[in-house]
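Visitor: Build me a structure from this.
(4 chains)
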Protein chains: 2
Amino acid sequence: MNIKKASELTGVKPENIRYYERIGLIPPVPRDDNGVRDFSESDIGWIKFSKHMRDAGVGTEALIEYITLFQKGDASNIPARKEILRDQLGELEERIESLVRARDYLKFKVDNYEATMVPLEEKLQSGEIKKEEPECPKK
Amino acid sequence: MNIKKASELTGVKPENIRYYERIGLIPPVPRDDNGVRDFSESDIGWIKFSKHMRDAGVGTEALIEYITLFQKGDASNIPARKEILRDQLGELEERIESLVRARDYLKFKVDNYEATMVPLEEKLQSGEIKKEEPECPKK
DNA sequence: TCTTGCGTTAAAGTGCACTTTAAGGATTAT
DNA sequence: ATAATCCTTAAAGTGCACTTTAACGCAAGA
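Guide: Alright, predicted model coming up:
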(Lines give C-alpha, C1' and ligand atoms only; values in the text may rest on other atoms or scores of the structure.)
Protein backbone atom coordinates (compact mmCIF):
# COMPACT_ATOMS: atom_id res chain seq x y z
CA MET A 1 0.00 0.00 0.00
CA ASN A 2 1.13 3.58 -0.60
CA ILE A 3 2.03 6.26 1.91
CA LYS A 4 -1.37 7.92 1.71
CA LYS A 5 -3.09 4.75 2.80
CA ALA A 6 -0.50 4.13 5.49
CA SER A 7 -1.15 7.65 6.72
CA GLU A 8 -4.89 7.07 6.88
CA LEU A 9 -4.45 3.80 8.69
CA THR A 10 -2.11 5.20 11.31
CA GLY A 11 -3.12 8.83 11.68
CA VAL A 12 0.45 9.88 10.97
CA LYS A 13 0.94 12.37 8.16
CA PRO A 14 2.90 11.16 5.12
CA GLU A 15 5.60 13.76 5.79
CA ASN A 16 5.99 12.38 9.27
CA ILE A 17 6.07 8.80 8.13
CA ARG A 18 8.95 9.76 5.82
CA TYR A 19 10.54 11.68 8.65
CA TYR A 20 10.14 8.72 11.02
CA GLU A 21 11.78 6.43 8.52
CA ARG A 22 14.56 8.89 7.83
CA ILE A 23 15.56 9.21 11.49
CA GLY A 24 15.10 5.50 12.15
CA LEU A 25 11.97 5.69 14.24
CA ILE A 26 10.54 2.97 12.04
CA PRO A 27 12.49 0.36 10.03
CA PRO A 28 13.11 1.18 6.35
CA VAL A 29 10.03 0.63 4.24
CA PRO A 30 10.54 -1.49 1.08
CA ARG A 31 10.20 0.29 -2.28
CA ASP A 32 8.77 -0.80 -5.59
CA ASP A 33 10.57 -0.47 -8.93
CA ASN A 34 9.94 3.27 -9.01
CA GLY A 35 11.38 3.82 -5.55
CA VAL A 36 7.88 4.25 -4.11
CA ARG A 37 7.27 2.97 -0.61
CA ASP A 38 5.10 -0.13 -0.37
CA PHE A 39 3.86 -0.54 3.20
CA SER A 40 3.13 -3.96 4.65
CA GLU A 41 0.98 -4.66 7.69
CA SER A 42 4.11 -4.88 9.79
CA ASP A 43 5.23 -1.45 8.58
CA ILE A 44 1.85 -0.11 9.66
CA GLY A 45 2.34 -1.82 13.00
CA TRP A 46 5.67 -0.09 13.47
CA ILE A 47 4.21 3.30 12.66
CA LYS A 48 1.41 2.74 15.15
CA PHE A 49 3.87 1.61 17.76
CA SER A 50 6.07 4.67 17.32
CA LYS A 51 3.10 7.01 17.27
CA HIS A 52 1.79 5.36 20.39
CA MET A 53 5.08 5.81 22.18
CA ARG A 54 5.64 9.34 20.89
CA ASP A 55 2.15 10.35 22.01
CA ALA A 56 3.05 9.12 25.45
CA GLY A 57 6.12 11.35 25.41
CA VAL A 58 8.73 8.65 24.88
CA GLY A 59 11.67 10.45 23.29
CA THR A 60 12.81 9.60 19.80
CA GLU A 61 16.24 8.62 21.03
CA ALA A 62 15.16 5.62 23.10
CA LEU A 63 12.82 4.55 20.34
CA ILE A 64 15.49 4.78 17.68
CA GLU A 65 17.80 2.75 19.88
CA TYR A 66 15.13 0.12 20.26
CA ILE A 67 14.32 -0.04 16.55
CA THR A 68 18.01 -0.20 15.72
CA LEU A 69 18.50 -3.17 18.03
CA PHE A 70 15.42 -4.83 16.66
CA GLN A 71 16.69 -4.40 13.13
CA LYS A 72 19.87 -6.23 13.87
CA GLY A 73 17.50 -9.16 14.20
CA ASP A 74 19.78 -10.84 16.67
CA ALA A 75 18.24 -12.84 19.49
CA SER A 76 21.24 -11.98 21.67
CA ASN A 77 20.10 -8.41 22.03
CA ILE A 78 16.65 -9.33 23.24
CA PRO A 79 17.65 -8.56 26.85
CA ALA A 80 18.93 -5.13 25.75
CA ARG A 81 15.70 -4.40 23.92
CA LYS A 82 13.67 -5.56 26.87
CA GLU A 83 15.67 -3.26 29.11
CA ILE A 84 15.02 -0.22 26.93
CA LEU A 85 11.34 -1.00 27.09
CA ARG A 86 11.50 -1.50 30.83
CA ASP A 87 13.31 1.82 31.28
CA GLN A 88 10.73 3.62 29.22
CA LEU A 89 8.01 1.89 31.18
CA GLY A 90 9.54 3.23 34.37
CA GLU A 91 9.71 6.74 32.98
CA LEU A 92 6.16 6.48 31.77
CA GLU A 93 5.07 5.45 35.22
CA GLU A 94 6.82 8.46 36.73
CA ARG A 95 5.24 10.77 34.21
CA ILE A 96 1.84 9.36 34.99
CA GLU A 97 2.46 9.93 38.71
CA SER A 98 3.41 13.53 38.06
CA LEU A 99 0.38 14.11 35.88
CA VAL A 100 -1.95 12.54 38.39
CA ARG A 101 -0.58 14.81 41.10
CA ALA A 102 -1.07 17.86 38.91
CA ARG A 103 -4.55 16.69 38.02
CA ASP A 104 -5.52 16.20 41.66
CA TYR A 105 -4.23 19.63 42.49
CA LEU A 106 -6.08 21.23 39.62
CA LYS A 107 -9.21 19.29 40.46
CA PHE A 108 -9.07 20.53 44.01
CA LYS A 109 -8.55 24.06 42.80
CA VAL A 110 -11.45 23.94 40.37
CA ASP A 111 -13.76 22.28 42.86
CA ASN A 112 -12.99 24.89 45.45
CA TYR A 113 -12.75 27.88 43.19
CA GLU A 114 -15.84 29.69 44.37
CA ALA A 115 -15.37 28.72 47.99
CA THR A 116 -11.80 30.00 48.16
CA MET A 117 -11.49 32.60 45.45
CA VAL A 118 -14.64 34.63 45.85
CA PRO A 119 -14.00 35.57 49.50
CA LEU A 120 -10.34 36.15 48.61
CA GLU A 121 -11.33 38.52 45.84
CA GLU A 122 -13.61 40.42 48.16
CA LYS A 123 -10.85 40.97 50.68
CA LEU A 124 -8.56 41.95 47.82
CA GLN A 125 -11.03 44.52 46.57
CA SER A 126 -11.25 46.10 49.98
CA GLY A 127 -7.48 46.29 50.22
CA GLU A 128 -7.60 44.04 53.26
CA ILE A 129 -5.03 41.64 51.82
CA LYS A 130 -2.39 41.49 49.11
CA LYS A 131 -2.73 39.37 46.03
CA GLU A 132 -1.81 35.76 46.56
CA GLU A 133 -3.35 32.67 45.19
CA PRO A 134 -1.58 29.39 45.20
CA GLU A 135 -2.89 27.29 48.02
CA CYS A 136 -2.52 23.58 47.55
CA PRO A 137 -4.47 20.70 48.95
CA LYS A 138 -2.41 19.25 51.77
CA LYS A 139 -1.61 15.93 50.26
CA MET B 1 14.33 36.75 49.59
CA ASN B 2 16.56 36.78 46.51
CA ILE B 3 16.28 34.80 43.32
CA LYS B 4 18.84 32.20 44.44
CA LYS B 5 16.76 31.33 47.46
CA ALA B 6 13.59 31.33 45.41
CA SER B 7 15.31 28.97 43.01
CA GLU B 8 16.32 26.60 45.79
CA LEU B 9 12.86 26.64 47.27
CA THR B 10 11.14 25.90 43.99
CA GLY B 11 13.63 23.87 42.01
CA VAL B 12 13.35 26.34 39.16
CA LYS B 13 16.60 27.85 37.91
CA PRO B 14 17.04 31.61 38.41
CA GLU B 15 17.21 32.10 34.64
CA ASN B 16 13.90 30.35 34.31
CA ILE B 17 12.29 32.31 37.09
CA ARG B 18 13.28 35.49 35.24
CA TYR B 19 12.05 33.96 32.03
CA TYR B 20 8.76 32.95 33.64
CA GLU B 21 8.27 36.46 34.92
CA ARG B 22 9.19 37.99 31.59
CA ILE B 23 6.64 35.99 29.63
CA GLY B 24 3.97 36.37 32.31
CA LEU B 25 3.98 32.83 33.61
CA ILE B 26 4.21 34.27 37.10
CA PRO B 27 3.08 37.73 38.23
CA PRO B 28 5.75 40.45 38.36
CA VAL B 29 7.99 40.09 41.39
CA PRO B 30 8.50 43.28 43.46
CA ARG B 31 11.99 44.85 43.42
CA ASP B 32 14.05 46.57 46.08
CA ASP B 33 15.79 49.94 45.66
CA ASN B 34 18.46 48.37 43.46
CA GLY B 35 15.95 46.77 41.15
CA VAL B 36 16.65 43.38 42.69
CA ARG B 37 13.74 40.96 42.98
CA ASP B 38 12.45 40.35 46.47
CA PHE B 39 10.36 37.19 46.51
CA SER B 40 7.49 36.76 48.95
CA GLU B 41 5.89 33.47 49.94
CA SER B 42 3.15 34.10 47.43
CA ASP B 43 5.71 34.61 44.66
CA ILE B 44 7.19 31.25 45.60
CA GLY B 45 3.72 29.77 45.48
CA TRP B 46 3.22 31.07 41.97
CA ILE B 47 6.51 29.64 40.79
CA LYS B 48 5.64 26.27 42.27
CA PHE B 49 2.23 26.40 40.68
CA SER B 50 3.64 27.18 37.25
CA LYS B 51 6.34 24.56 37.56
CA HIS B 52 3.77 22.04 38.66
CA MET B 53 1.59 22.79 35.66
CA ARG B 54 4.49 22.95 33.21
CA ASP B 55 5.80 19.61 34.46
CA ALA B 56 2.39 18.18 33.70
CA GLY B 57 2.65 19.50 30.18
CA VAL B 58 0.23 22.41 30.52
CA GLY B 59 1.27 24.85 27.80
CA THR B 60 2.55 28.30 28.69
CA GLU B 61 -0.24 29.97 26.76
CA ALA B 62 -3.09 28.74 28.94
CA LEU B 63 -1.05 29.47 32.04
CA ILE B 64 -0.24 33.00 30.92
CA GLU B 65 -3.90 33.58 30.16
CA TYR B 66 -4.79 32.40 33.64
CA ILE B 67 -2.15 34.51 35.38
CA THR B 68 -3.17 37.53 33.33
CA LEU B 69 -6.79 37.14 34.35
CA PHE B 70 -5.77 36.62 37.95
CA GLN B 71 -3.70 39.76 37.88
CA LYS B 72 -6.59 41.87 36.81
CA GLY B 73 -7.79 41.01 40.31
CA ASP B 74 -11.38 41.32 39.22
CA ALA B 75 -13.90 38.96 40.77
CA SER B 76 -15.93 39.14 37.57
CA ASN B 77 -13.39 37.02 35.73
CA ILE B 78 -13.44 34.24 38.27
CA PRO B 79 -15.68 32.14 36.00
CA ALA B 80 -13.27 32.68 33.11
CA ARG B 81 -10.33 31.64 35.27
CA LYS B 82 -12.20 28.63 36.54
CA GLU B 83 -12.94 27.64 32.96
CA ILE B 84 -9.30 27.80 31.92
CA LEU B 85 -8.48 25.54 34.84
CA ARG B 86 -11.31 23.21 33.96
CA ASP B 87 -10.15 23.04 30.33
CA GLN B 88 -6.63 22.24 31.38
CA LEU B 89 -7.96 19.66 33.80
CA GLY B 90 -9.77 18.01 30.92
CA GLU B 91 -6.67 17.99 28.77
CA LEU B 92 -4.65 16.61 31.65
CA GLU B 93 -7.17 13.83 32.06
CA GLU B 94 -6.89 12.96 28.37
CA ARG B 95 -3.13 12.96 28.55
CA ILE B 96 -3.24 10.65 31.54
CA GLU B 97 -5.55 8.30 29.63
CA SER B 98 -3.15 8.23 26.71
CA LEU B 99 -0.18 7.59 28.95
CA VAL B 100 -1.95 4.85 30.81
CA ARG B 101 -2.80 3.13 27.53
CA ALA B 102 0.82 3.37 26.38
CA ARG B 103 1.99 2.09 29.73
CA ASP B 104 -0.33 -0.90 29.64
CA TYR B 105 0.83 -1.71 26.14
CA LEU B 106 4.47 -1.43 27.11
CA LYS B 107 3.88 -3.44 30.26
CA PHE B 108 2.30 -6.20 28.25
CA LYS B 109 5.17 -6.12 25.80
CA VAL B 110 7.82 -6.28 28.51
CA ASP B 111 6.01 -8.99 30.45
CA ASN B 112 5.68 -11.11 27.35
CA TYR B 113 8.99 -10.31 25.77
CA GLU B 114 10.55 -13.70 26.20
CA ALA B 115 7.36 -15.55 25.47
CA THR B 116 6.68 -13.75 22.20
CA MET B 117 10.02 -12.50 20.99
CA VAL B 118 12.28 -15.44 21.55
CA PRO B 119 10.26 -17.84 19.40
CA LEU B 120 9.82 -15.03 16.85
CA GLU B 121 13.54 -14.51 16.67
CA GLU B 122 14.12 -18.21 16.20
CA LYS B 123 11.76 -18.33 13.26
CA LEU B 124 13.42 -15.23 11.89
CA GLN B 125 16.83 -16.79 12.14
CA SER B 126 15.67 -19.80 10.22
CA GLY B 127 14.21 -17.59 7.49
CA GLU B 128 10.81 -19.02 8.22
CA ILE B 129 9.19 -15.59 8.60
CA LYS B 130 9.90 -11.95 7.77
CA LYS B 131 10.69 -9.35 10.38
CA GLU B 132 7.68 -7.97 12.13
CA GLU B 133 7.19 -7.09 15.70
CA PRO B 134 4.33 -4.97 16.81
CA GLU B 135 1.62 -7.12 18.24
CA CYS B 136 -0.61 -5.40 20.74
CA PRO B 137 -2.63 -6.82 23.57
CA LYS B 138 -6.21 -6.97 22.36
CA LYS B 139 -7.64 -4.34 24.65
C1' DT C 1 -0.41 15.58 -24.89
C1' DC C 2 -1.03 17.74 -20.93
C1' DT C 3 -2.85 18.51 -16.55
C1' DT C 4 -3.95 16.39 -12.09
C1' DG C 5 -2.50 13.90 -8.47
C1' DC C 6 0.16 10.76 -6.54
C1' DG C 7 5.02 9.73 -5.24
C1' DT C 8 10.29 11.04 -4.22
C1' DT C 9 14.53 13.70 -1.94
C1' DA C 10 17.39 17.17 0.39
C1' DA C 11 17.32 21.19 2.69
C1' DA C 12 15.56 25.04 4.93
C1' DG C 13 12.08 26.87 8.11
C1' DT C 14 9.06 26.87 12.37
C1' DG C 15 7.48 26.88 17.21
C1' DC C 16 8.17 26.03 21.73
C1' DA C 17 10.58 26.37 25.85
C1' DC C 18 14.18 27.26 27.48
C1' DT C 19 19.47 28.44 27.80
C1' DT C 20 23.39 31.04 27.11
C1' DT C 21 25.90 35.21 26.35
C1' DA C 22 27.22 39.91 26.89
C1' DA C 23 27.59 43.80 29.51
C1' DG C 24 27.03 45.81 33.40
C1' DG C 25 25.65 47.22 38.80
C1' DA C 26 25.75 46.29 43.90
C1' DT C 27 27.35 43.78 48.20
C1' DT C 28 30.53 40.95 50.76
C1' DA C 29 35.13 38.77 51.96
C1' DT C 30 40.21 39.34 52.24
C1' DA D 1 40.61 48.12 47.22
C1' DT D 2 39.92 44.58 44.56
C1' DA D 3 38.19 40.14 43.66
C1' DA D 4 34.34 37.16 44.21
C1' DT D 5 29.71 36.57 44.06
C1' DC D 6 25.57 37.94 43.85
C1' DC D 7 22.09 40.60 41.00
C1' DT D 8 20.11 43.02 36.48
C1' DT D 9 18.61 43.30 31.20
C1' DA D 10 18.31 42.45 26.25
C1' DA D 11 19.42 39.57 22.80
C1' DA D 12 21.12 35.69 20.62
C1' DG D 13 21.60 30.65 20.64
C1' DT D 14 20.02 25.73 21.34
C1' DG D 15 17.51 21.30 20.94
C1' DC D 16 13.73 18.82 19.76
C1' DA D 17 10.27 17.40 16.73
C1' DC D 18 8.38 18.33 13.27
C1' DT D 19 6.81 21.18 8.93
C1' DT D 20 7.38 23.39 4.74
C1' DT D 21 9.55 24.26 0.43
C1' DA D 22 11.70 23.31 -3.84
C1' DA D 23 12.48 20.56 -7.49
C1' DC D 24 11.66 16.66 -9.47
C1' DG D 25 9.39 11.76 -11.49
C1' DC D 26 5.63 8.57 -12.81
C1' DA D 27 0.97 7.37 -14.40
C1' DA D 28 -3.86 7.72 -15.28
C1' DG D 29 -7.74 10.53 -17.23
C1' DA D 30 -9.77 14.47 -20.54
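Visitor: Now do the strands in chain A.
Guide: Remark: strands of chain A are absent; assignment by DSSP state E.
Visitor: Those residues of it touching DNA strand C, which are they?
Guide: Contact residues, chain A versus DNA strand C (Cβ under 7 Å from any atom of the strand): A:Asn2, A:Ile3, A:Lys4, A:Lys5, A:Pro14, A:Arg18, A:Arg22, A:Arg31, A:Gly35, A:Val36, A:Arg37. Glycine gets a C-beta too; all of them are placed from N, C-alpha and C.
Visitor: Which members of those are classed as buried?
Guide: A:Ile3, A:Arg37 (16 or more other Cβ atoms under 10 Å in any protein chain shown).
Visitor: Turn the residues of chain A next to DNA strand C into CSV, including pLDDT and distance to B:Thr60.
Guide: Formatted as CSV, those follow (pLDDT from 0 to 100; distance: Cβ to Cβ, whole Å):
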residue, pLDDT, distance to B:Thr60
A:Asn2, 95, 39
A:Ile3, 97, 34
A:Lys4, 96, 35
A:Lys5, 96, 37
A:Pro14, 97, 30
A:Arg18, 97, 30
A:Arg22, 96, 30
A:Arg31, 96, 42
A:Gly35, 93, 42
A:Val36, 96, 41
A:Arg37, 97, 37
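Visitor: farthest pair in the residues of chain A next to DNA strand C?
Guide: A:Lys5 and A:Arg22 (19.6 Å; Cβ to Cβ).
Visitor: and the biggest helix by length in chain A, what does it pack onto?
Guide: Under DSSP state H, the helix in chain A containing the largest number of residues is helix A:78-111. Packing contacts for helix A:78-111, counted by 3 or more Cβ pairs under 8 Å, 6 or more residues apart in numbering or on different chains; DSSP states H and E, involve helix A:60-72, helix B:41-55, helix B:78-111.
Visitor: Figure out which of these is closest to A:Ile84.
Guide: helix A:60-72 (4.8 Å).
Visitor: quick one: the closest one near DNA strand D?
Guide: Yes - counting by Cβ under 7 Å from any atom of the strand, DNA strand D has neighbours in helix A:60-72: A:Thr60, A:Glu61.
Visitor: Give me the angle between that helix and helix A:41-55.
Guide: Angle, helix A:60-72 to helix A:41-55, by axes from the mean of the first three to the mean of the last three Cα atoms, to 10 degrees: 160 degrees.
Visitor: So for helix A:60-72, what gets flagged as buried?
Guide: The neighbour-count check on helix A:60-72 (16+ other Cβ under 10 Å) flags A:Leu63, A:Ile64, A:Glu65, A:Tyr66, A:Ile67, A:Leu69, A:Phe70 as buried.
Visitor: Make JSON lines from those residues and add pLDDT to it.
Guide: Putting the buried residues of helix A:60-72 into JSON lines (pLDDT from 0 to 100) gives the following:
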{"residue": "A:Leu63", "pLDDT": "94"}
{"residue": "A:Ile64", "pLDDT": "95"}
{"residue": "A:Glu65", "pLDDT": "94"}
{"residue": "A:Tyr66", "pLDDT": "93"}
{"residue": "A:Ile67", "pLDDT": "93"}
{"residue": "A:Leu69", "pLDDT": "91"}
{"residue": "A:Phe70", "pLDDT": "90"}
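Visitor: in chain A, which residue is closest to the centre?
Guide: By Cα atoms, centre = their mean, chain A has its centre lying nearest to A:Ala56, at 2.1 Å.
Visitor: Could you tell me the model confidence score at that residue?
Guide: The per-residue pLDDT reported for A:Ala56 equals 91.
Visitor: Pull the number of nearby residues for the residue nearest to it when sequence neighbours are not counted.
Guide: Closest residue to A:Ala56 apart from its sequence neighbours, by Cβ to Cβ, 6 or more residues apart in numbering or on different chains: B:Ala102 at 3.4 Å. Under the neighbour criterion other Cβ atoms under 10 Å in any protein chain shown, B:Ala102 is assigned a count of 22.
Visitor: And B:Ala102, how close does it get to A:Lys107?
Guide: Relative to A:Lys107, B:Ala102 is positioned 22 Å away (Cβ to Cβ, to the nearest Å).
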